[in-house]
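Generate a structure from the sequence data that follows.
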Amino acid sequence: MTEIISNLDVADLSLTELDADSLIGEHNPPLLTPHINEAVGSTLNQHKLQTSDFDVNWEDRLTDALLDDLTNNGWIIIDDVFNKKALLALQAESGFIDYRDAALTAGIHVSDIRGDKIRWITQNFFAGFYYLQSINALATVFNRSLFAGVRHSEAHYAWYPVGFGYQWHSDNPAGRNERVISAVFYLNDEWATEDGGALEVIDNNGNHHNVMPVANRLIVFDSNLQHQVQIAHRQRYSIATWMRRDGLVPFVEDT
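Purely as a prediction, here's the structure:
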């Protein structure tokens, strides 16, 4: 895995700022705790959303110990990733999405395997697209530190209704290896153990770990690791993310 990163720079959005009114709209995001709607309005109406709001000093966050853990165990957790405004923007945006049925690799939705609904992130999602730019910066660090060979990233918002999860799987289907590093960013405030919905990961040594979907947490793991989403007992929101070694293909979303 010695490829040099070649095309991680994302196309310019043209609009580098977003008026909060166009993001907030007249809806009430279903994922947010009661106090959060007022916080979203007061924060984003006073400050325009910019790509710089999603800047993270990944060099500082990825300590040698964390990089060693990722190499040896296959997974790491990074908490408190973004500042408050960026987190609120992602939470708000995830609450307004027209989610669609997820599908397995063959293109057939199988509800007893996975119960999430998704929406791929494109330039149409301002906060999500800024998130992807930050993930590409993270991939650059992985390329430099671990020779990961990542060339671009992709992500989708995911919503798990109550009573649904995603059974055991890896992010690379049999016979394929385009996905190098997977990541999941969590959006729910005040998530409790009794809410379920943990991401259960089997590490490189065969040990099981349950990671709770706590807001502003990013779990990063080898895309070949087996993992599952346990049944959620409240609505669960996240961003599923993949850093890939294949060339960037123009994205066309199903309608």
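
Tell me which residues are up against stretch 50-70.
13, 16-17, 75-76, 78, 81-83, 85-86, 89, 130-131, 133-134, 137-138, 140-141, 145-146, 220-222 (C-beta atoms under 8 Å, 6 or more residues apart in numbering). C-beta coordinates here come from the backbone N, C-alpha and C atoms, glycine included.

List buried residues within those residues.
With burial judged by 16 or more other C-beta atoms under 10 Å, the buried subset of the contacts of stretch 50-70 is 75-76, 78, 81-82, 85-86, 89, 130-131, 133-134, 137-138, 140-141, 146, 220-222.

Now, those that are in strands?
Using DSSP state E, the members of the buried ones among the contacts of stretch 50-70 that fall in strands are Trp75, Ile76, Ile78, Val220, Phe221, Asp222.

Would you mind listing the two of these that lie farthest apart?
Spanning the widest gap among these are Ile78 and Asp222, at 15.4 Å by C-beta to C-beta.

so Met243 makes contact with Val150?
Yes: counting by C-beta atoms under 8 Å, Met243 touches Val150, with 4.3 Å between them.

what residues do these two have in common as contacts?
Joint contacts of Met243 and Val150 (C-beta under 8 Å, 6+ apart) are Ala139, Phe142, Val180, Ile181.

Can you give me every residue that contacts Val220?
Here Val220 is in contact with Leu70, Trp75, Ile76, Ile77, Ile78, Leu138, Ile181, Ser182, Ala183 (C-beta under 8 Å, 6+ apart).

what does Asn216 give?
By C-beta under 8 Å, 6+ apart, the neighbours of Asn216 are Asp79, Asp80, Val81, Phe82, Leu87, Tyr186.

Just the helices from the stretch 51-200 of the chain, written as ranges.
Using DSSP state H, counting those that start in this stretch, the helices of the stretch 51-200 of the chain run over 58-61, 64-73, 84-95, 126-146.

so of the ones you listed, which one's packed in deepest?
Highest mean neighbour count among these (mean count of other C-beta atoms under 10 Å): helix 84-95, with a mean of 23.

helices or strands next to that one in the packing?
helix 20-24, helix 36-46, strand 49-50, helix 126-146, strand 152-160, strand 236-244 (3 or more C-beta pairs under 8 Å, 6 or more residues apart in numbering; DSSP states H and E).

now those as CSV including distance to Glu59 and mean pLDDT?
Shown next, in CSV, are those (distance: least, C-beta to C-beta, whole Å; pLDDT from 0 to 100):
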stretch, distance to Glu59, mean pLDDT
helix 20-24, 30, 38
helix 36-46, 27, 49
strand 49-50, 21, 89
helix 126-146, 6, 97
strand 152-160, 18, 97
strand 236-244, 17, 98
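
among these, which is nearest Asn210?
strand 236-244 (14.0 Å).

Now Arg234: phi and psi?
Main-chain dihedrals, Arg234, degrees, to the nearest 10: phi -150, psi 170.

ok now do it, which residues does it touch?
Val162, Asn188, Asp195, Gly196, Gly197.

okay, now Ile181: neighbour count?
Ile181 has 26 neighbours, counted by other C-beta atoms under 10 Å.

Any figure for the gap between the closest residue to it other than its chain neighbours and Ser182?
Spatial nearest neighbour of Ile181, excluding adjacent residues (C-beta to C-beta, 6 or more residues apart in numbering): Met243 at 4.3 Å. Distance of Met243 to Ser182, given as C-beta to C-beta, to the nearest Å: 8 Å.

How about Phe164?
Taking C-beta to C-beta, one finds Phe164 at 20 Å from Ser182.

So the two - more neighbours on which side?
Using other C-beta under 10 Å as the criterion, Phe164 and Ser182 rank with Ser182 on top: 22 against 18.

Now that the more buried one has come up, it's in contact with Gln226, right?
No: if you go by C-beta under 8 Å, Ser182 and Gln226 don't touch, sitting 11.6 Å apart.

Are there residues contacting both of these two? Which ones?
What both Ser182 and Gln226 touch, as defined by C-beta under 8 Å, 6+ apart, is an empty set.
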